[in-house]
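Student: got a sequence here, can you build the structure:
(4 chains)
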Amino acid sequence: MSELFPRKQVMGFVFSLVLTAAALTVYFLDLSFMAAMTVLLATAFVQAGVQLVGFMHVGESEDRTMIYMNIFYGVAIALFTIFGTLLILVWDM
Amino acid sequence: MDYFDRFAIPHPSPAIYASMVAIGLTMIAIVIGLTYFKKWGYLWSEWLTTVDHKRIGIMYLIAALLMLFRGGVDALMMRAQTAVPDNKLLDAQHYNEVFTTHGVVMIIFMAMPFIYALMNFVVPLQIGARDVAFPRLNALSFWLFFMGAMLFNISFVIGGSPDAGWTSYFPLAGNDFSQSVGTNYYMLSIQIAGIGTLISGINFITTIFRMRAPGMKLMKMPMFTWTTLITNAIVVFAFPVLTIALLLGTMDRLFGAHIFSMTNGGMDMLWANLFWVWGHPEVYILILPAFGIYSEVISTFSRRNLYGYKSMVASIVIISFFSFLVWMHHFYTMGQGPLSNSIFSITTMAIAIPTGIKIFNWLLTMRKGKIKFTVPMLYSVGFIPIFTIGGVTGVMLGMASADYQYHNTMFLVAHFHYTIIPGVVFAMLAGLTYWWPKMFGFMLSERIGKWAFWFIAIGTNVAFFPMFFTGLDGQARRMYTYSEATGFGPLNMLSFVGAIGLAIGFALIVYNIYYSVRYASRDIGSDPWDARTLEWATQTPVQSYNFARTPQVDSIEALWDLKRNGKPVFQGEIEKIHMPNSSGMPFIMSCIFFAWGFSLIFSMWIPAIITTIAIFACMAHRSFEKDDGHYISVEEIKATEKDWEVLNDENR
Amino acid sequence: MIKKWSFLSLVVGLFAILAGCEPLLVLDPKGPQAETTANVIWISIATMAIVVAAVFGLMAYVVFKYRASKQSEDYEPPHIEGNPIIETIIVAIPVIIIIFLSIVTVKSTYEVEATPKGYEDQKPLIVYASSSDWKWHFSYPEENIETVNYLYIPTDRALEFRLYSYGPITSFWIPQLGGQKYAMSDMITTLHLAADVPGEYMGRNANFSGKGFAENIFHVKAMSPEEFDKWVEDVKANAEPLTEEKFDELLKPGHLGQLTFSGTHLGFLPPPEGHHHGSHETNDDEHGSEHAHAHEDVDTDHSGH
Amino acid sequence: MMKIDNSLPLEYANEQNKMNIFGFWIFIGAEVMLFATLFATYFTLEHRVGNGPAGAEIFELTPVLIETLVLLTSSFTIGLAMNAMRLGKKNAMLTFFSITLLLGLVFLGVEIYEFTHYASIGAGLQVSAFTGILLTTLGTHGAHVTVGLFWGLFIIMQVKKHGLTPKTANKSFIFSLYWHFLDIVWIFIFSFIYLKGMM
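Tutor: Modelled structure (predicted):
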């Protein structure tokens, strides 16, 4: 039975629950905007990392370099797009 | 009757009725012809259901050429209308529809399929593969593109064409200012074609990463394969942005959302922003494959290896990344502060550096070469000066402060035609002429081809160089008319003359195809250009399985090494070959997509729901389908290869 | 090849002659901002001419020297992978050029976004320029007058245009006074101009805005400050007042000739003042104060930008 | 069939399988950009509420928290299903797989409740830029989940019928990637739409 619940995955699940709880502090505590955003960014990206490495086995196949590059490239461009858009349309600089 | 009013053309003109009749007659002629010659079965089994990358490539090619002429006619109409001041040939509405469809057709439905035509045909051959990674998806990509294109093209006879420019800026493209269904066509047909392109992107990346011949490391891939890889990487990350932009536009137009509207918090600038987040990488999607083609052609006809291969690769990788960092230069004048403008100016101009590296590398490839001016080479050499003008004016446009004066003027129009015509059209014509013998087993006439080249090259300059001046003289783009007092008349007339030159050039290409089909020699061997890469190591016409034995590669120019240094490429025993089966599903599913798009365009909700369910039913069918492909037996391969490979083995 | 180049030079020559007759508007500046952009354009043309000359020259040399017909039959081109020195040079020179142009760009971009040089200590003349299909409305708030499709401005005074639109995105452009800028429905964009020389200039909407776009032109007349003041007085005394009904009528799509009113529409139809971006306050402005209650319970620090 | 490599898990057993998985990773790259665009749009329009309500006025923690926990758990169970699959335990795998889909169904139910709730309090699609992009973003994610439910159901049926073959294992594994990815997207929605909107 225990082999059906491997330690790594259970830990990953618990960890993601903890991170969700940590993210919830921004709702319950009265943090400043910057502090709250830092918490959210940290918890969200760590959680994504947990999912990718722990659950999605991103590093297991022979194509891992390309898959990592694909993810990094995608995330980098996504961040550029989001922050570029904010820079142009919202922050107005 | 009210129900049918929506299908009427809002601004009819005799020209549109004439085209309606022409379309109808052509359709009838095709149906009669197919029936009379009993070709329906052939059409279905050999083309509509094929998953062979070569056939799909050829279908892309046919579609691209058709669209080239559709967009070309639009262009001629525009130049004719503006050739003289106060011209009455077209009215404002008609002119607006014409330049909108010209832009969309040329970018989305001509340039993109042309690129994918050559990628499809060449890349699997160039990397020594039997097909692409997902042949069935490849067919789906094509048919989605094709149905998207057809959907867009019926707009001018059913319901009216889009008229808000190919950039379709809101709120002009919103329901308040574009009341016809034209912009719905824009949103949905590009969406359908775009999904196809995205699938292609995934397909080609996987193909190139996983299906290269043994020994072909990444840094041993031919340059066209490299550019295909990077282009498709841009496709994969840029097209989702378009998908969302179009989805949001559809939400606004069909479902009354207020994303880009003038009221309830909507933001018109957001459309411009999203459109160009996709739109700028799209420019590099168009141009990178061209760079690959030029690299192949210049190297072949200079009889030299490509100079600075590594810096070429580095520069395309850098371009691909930078292409995502410059989109704001399309709207410097939208009221951002000087900081944003400065940042994006610098990134924009920085792209010129890797592009410049390429130009110099090509020149250095020709240096010490033995240059033969065949038609593909003429296009490649002609590309360099024209594109240089396009490139340097691009740097000028990239300078934000000066752009305040160039923006929205004919200067801009001149610039992007100076980049896109040599950067895409020349490249495609070069690639077409270069790979034509591999595709069809005969060569295009060099003599007619050279005439066509000169008409096109000179026509391009005559048509677009004057626009730099009218732009600086204050002629805004997209003006359907101008008064005599502006003084734009003579230069616009010159542009029109150039456009006629271009038209003659393209007509000559058609004539060339006709002429060569009839008279060209069929006895040209498999490598008529004395080329350097693997695609020329196949039989002509290429067998369905491409290579009887998987090639072993150990240099960038595998075939050249084979021919000059006798390095063996095809070794080992012939084994049975696994091939995918043909399938009608991609075609059928795309037809349903067509109906789906059409229903949504006209807000016909019940058919829209039915077709949506049908699309998912097709996907479910695919999930349950058992299709393991088929094998080609060793005997069969040996029989088809008998005359050819044995002969080649002896010669080499 | 020769055919082509001789033809090209013919074309270029022709244009030089044509351009010589009457200077191109953009390169014939009548104010400091247009002069800045014209200078930037000339600098960039000169710099780019070097690049073009280098590429064309190298290409002509290569194409003539290494064509097959000039080589002996048995010449076999060498295999050269590349050369680090040459490749460094073809990277380094463009880098230097781009750095130079970047400096020019950044400096001039800040210039054209600021009050024109030499006018910094003056109070600028503020003009609200708003577009509707397919007209331009010019409101002079301090003078309390409004014109349609024509613009009178004093020379030697900083002008601050505040642009917005009652319809599609348009672009306010007077080539001889400076670059263009978009006018949009939900925010005000600001364009700083000034005219040094009295005269009549062409102004237009440069951004496609539908059927009437081609004729979406306005006339600009720069005159001495005294003349301008006289004109203002004259308008105040003689022009009919602009009422809300009248203005609604003006907004209907179509073309109008030149019209003059005393009073502006700014009173009864306030422009989307300030920057719409992000904050709640401006949102309220946009949609009228009657909606303000909808946001009362929203803390402003949410915007947090 | 093609050559089968027994040293690797079943889903990687042959070349086509490897390509399918690799291709799906590329697809996930595209999906990253798809949702990034939605987020960029959302952040731009977040405070542009027109006459409609703002996020803080309509978001409710309870349903959102239920959705989050349900989806997180489903991501865990599909991971367990893949673990069982690699152990060759078909029945365990099917159990975990079914639990995943049931949790997905619960998620979807809560989301449908959420949507009707928004509509009932005057936060429909047509109200403002904010509600438009909010519902489009949530709707895009929800549509992905819906497609996933059907897709997963088909896979269960195939595994039941054919057992764990290279083909079904490959499909299941790719489905698990899809499902985990949807969970990642939800984490970002949860953090940067709901929590940011409510704090």
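Student: which secondary structure element contains residue 70?
Tutor: I went with chain A, as the question did not name one. Element membership for A:Asn70 (DSSP states H and E) is helix A:64-89.
Student: hm, I was asking about chain D
Tutor: Since the elements are taken from DSSP H and E, D:Val70 ends up inside helix D:61-86.
Student: buried ones in that helix?
Tutor: D:64-68, D:70-86 (16 or more other Cβ atoms under 10 Å in any protein chain shown). All C-beta spots, glycine's among them, are computed from the backbone N, C-alpha and C.
Student: for stretch C:121-133, same thing?
Tutor: Neighbour-count burial for stretch C:121-133 flags C:124-133 (criterion: 16+ other Cβ under 10 Å).
Student: what pLDDT does residue 2 get?
Tutor: Because you didn't say which chain, this covers chain A. pLDDT for A:Ser2: 78.
Student: I was after chain D.
Tutor: Looking at D:Met2, its pLDDT is 48.
Student: how about the one 5 residues further on?
Tutor: Looking at D:Ser7, its pLDDT reads 68.
Student: ok, now C:Asp297?
Tutor: For C:Asp297, the model assigns a pLDDT of 36.
Student: next helix or strand past the helix ranked longest in chain D?
Tutor: Counting residues, the longest helix found in chain D (DSSP state H) is helix D:129-162. Next helix or strand after helix D:129-162 toward the C-terminus (DSSP H and E): helix D:166-189.
Student: what is the orientation angle of the helix holding D:Val70 with helix D:129-162?
Tutor: Between helix D:61-86 and helix D:129-162, the angle comes out at 30 degrees (axes from the mean of the first three to the mean of the last three Cα atoms, to 10 degrees).
Student: next, the angle from helix D:61-86 to helix D:166-189.
Tutor: Using the same axes, to 10 degrees: helix D:61-86 against helix D:166-189 is 160 degrees.
Student: packing partners of helix D:61-86?
Tutor: helix A:7-28, helix D:90-120, helix D:166-189 (3 or more Cβ pairs under 8 Å, 6 or more residues apart in numbering or on different chains; DSSP states H and E).
Student: quick check: buried residues in whichever helix or strand comes after the first one?
Tutor: Reading on from helix A:7-28 to the C-terminus, the next helix or strand found by DSSP H and E is helix A:33-49. By 16+ other Cβ under 10 Å, the buried positions in helix A:33-49 come out as A:33, A:36-37, A:39-40, A:43-48.
Student: same question, stretch B:73-86
Tutor: Quick answer for stretch B:73-86 (16+ other Cβ under 10 Å): B:73-79, B:81-85.
Student: can I get the buried residues of stretch C:121-133 in CSV including distance to chain D, secondary structure and pLDDT?
Tutor: Listed next are the buried residues of stretch C:121-133 as CSV, based on distance: Cβ to the nearest Cβ, whole Å; DSSP: H, G, I helix; E, B strand; the rest coil; pLDDT from 0 to 100:
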residue, distance to chain D, secondary structure, pLDDT
C:Pro124, 30, coil, 91
C:Leu125, 32, strand, 93
C:Ile126, 27, strand, 94
C:Val127, 28, strand, 94
C:Tyr128, 23, strand, 95
C:Ala129, 24, strand, 94
C:Ser130, 21, strand, 94
C:Ser131, 22, strand, 93
C:Ser132, 22, strand, 92
C:Asp133, 23, coil, 89
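Student: wait, D:Ala169 touches D:Pro9, no?
Tutor: Yes: applying Cβ atoms under 8 Å as the test, D:Ala169 and D:Pro9 come out as touching, 7.3 Å apart.
Student: give me the residue from chain C nearest chain B.
Tutor: Nearest residue of chain C to chain B (Cβ to the nearest Cβ) works out as C:Gly179 at 2.1 Å.
Student: domains of chain A?
Tutor: Following automatic domain parsing, chain A resolves into domains at A:1-56, A:60-93.
Student: the first one close to chain D?
Tutor: Yes: figure legend: domain A:1-56 in contact with chain D (Cβ under 8 Å from any Cβ of the partner chain); contacting residues A:3-6, A:9, A:12-13, A:16-17, A:20, A:23-24, A:26-27, A:31, A:36-37, A:40-41, A:43-44, A:47-48, A:51-52, A:54-56.
Student: out of these, which end up buried?
Tutor: Buried subset of the residues of domain A:1-56 next to chain D (neighbour count, 16+ other Cβ under 10 Å): A:4, A:6, A:9, A:12-13, A:16-17, A:20, A:23-24, A:26-27, A:31, A:36-37, A:40, A:43-44, A:47-48, A:51-52, A:54-56.
Student: before we move on, the earlier item: mean confidence score for the helix holding D:Val70?
Tutor: Helix D:61-86 comes out at a mean pLDDT of 94.
Student: same deal with stretch C:44-63?
Tutor: For stretch C:44-63, mean pLDDT is 93.
Student: chain center to it: distance?
Tutor: Offset of stretch C:44-63 from its chain centre (Cα atoms, centre = their mean, to the nearest Å): 30 Å.
Student: can you list the buried residues in that stretch?
Tutor: C:44, C:47-48, C:51-52, C:54-56, C:58-59, C:62-63.
Student: which of the buried residues of stretch C:121-133 lies closest to B:Tyr545?
Tutor: C:Asp133 (61.0 Å; Cβ to Cβ).
Student: what about the closest one, distance to C:Ile41?
Tutor: Using Cβ to Cβ, to the nearest Å, C:Asp133 is found at 32 Å from C:Ile41.
Student: strands of chain C, start to end?
Tutor: C:125-132, C:135-140, C:145-148, C:150-154, C:158-165, C:170-173, C:181-183, C:189-194, C:199-205, C:217-223, C:259-262 (DSSP state E).
Student: chain A is nearest to which of those?
Tutor: strand C:189-194 (10.9 Å).
Student: how about that closest one, does it get close to chain A?
Tutor: No: applying Cβ under 8 Å from any Cβ, one finds strand C:189-194 out of contact with chain A, separated by at least 10.9 Å.
Student: report the mean per-residue pLDDT for that strand.
Tutor: Mean pLDDT, strand C:189-194: 93.
Student: quick one: it to strand C:125-132, angle?
Tutor: 130 degrees.
Student: quick one: terminal-to-terminal distance for stretch C:168-179?
Tutor: With Cα to Cα, to the nearest Å as the measure, stretch C:168-179 spans 20 Å from end to end.
Student: name the nearest of the buried residues of helix A:33-49 relative to chain C.
Tutor: Distance to chain C across the buried residues of helix A:33-49 (Cβ to the nearest Cβ) is lowest for A:Phe33, with 3.8 Å.
Student: re the thing from before, who has more neighbours, D:Ala169 and D:Pro9?
Tutor: Legend: neighbour count by other Cβ atoms under 10 Å in any protein chain shown for D:Ala169 and D:Pro9, higher for D:Ala169 (23 against 19).
Student: for that one, what are its contacts?
Tutor: D:Ala169 sits next to D:9-11, D:13, D:85 when contact means Cβ atoms under 8 Å, 6 or more residues apart in numbering or on different chains.
Student: swap in D:Leu103?
Tutor: Contacts of D:Leu103 by Cβ under 8 Å, 6+ apart are D:70-71, D:73-74, D:77.
Student: which among the residues you listed gets closest to chain A?
Tutor: D:Thr73 (7.6 Å).
Student: once you drop chain neighbours, what's closest to the closest one?
Tutor: Spatially, and ignoring its direct neighbours in sequence, D:Thr73 is nearest to D:Leu103 (5.7 Å; Cβ to Cβ, 6 or more residues apart in numbering or on different chains).
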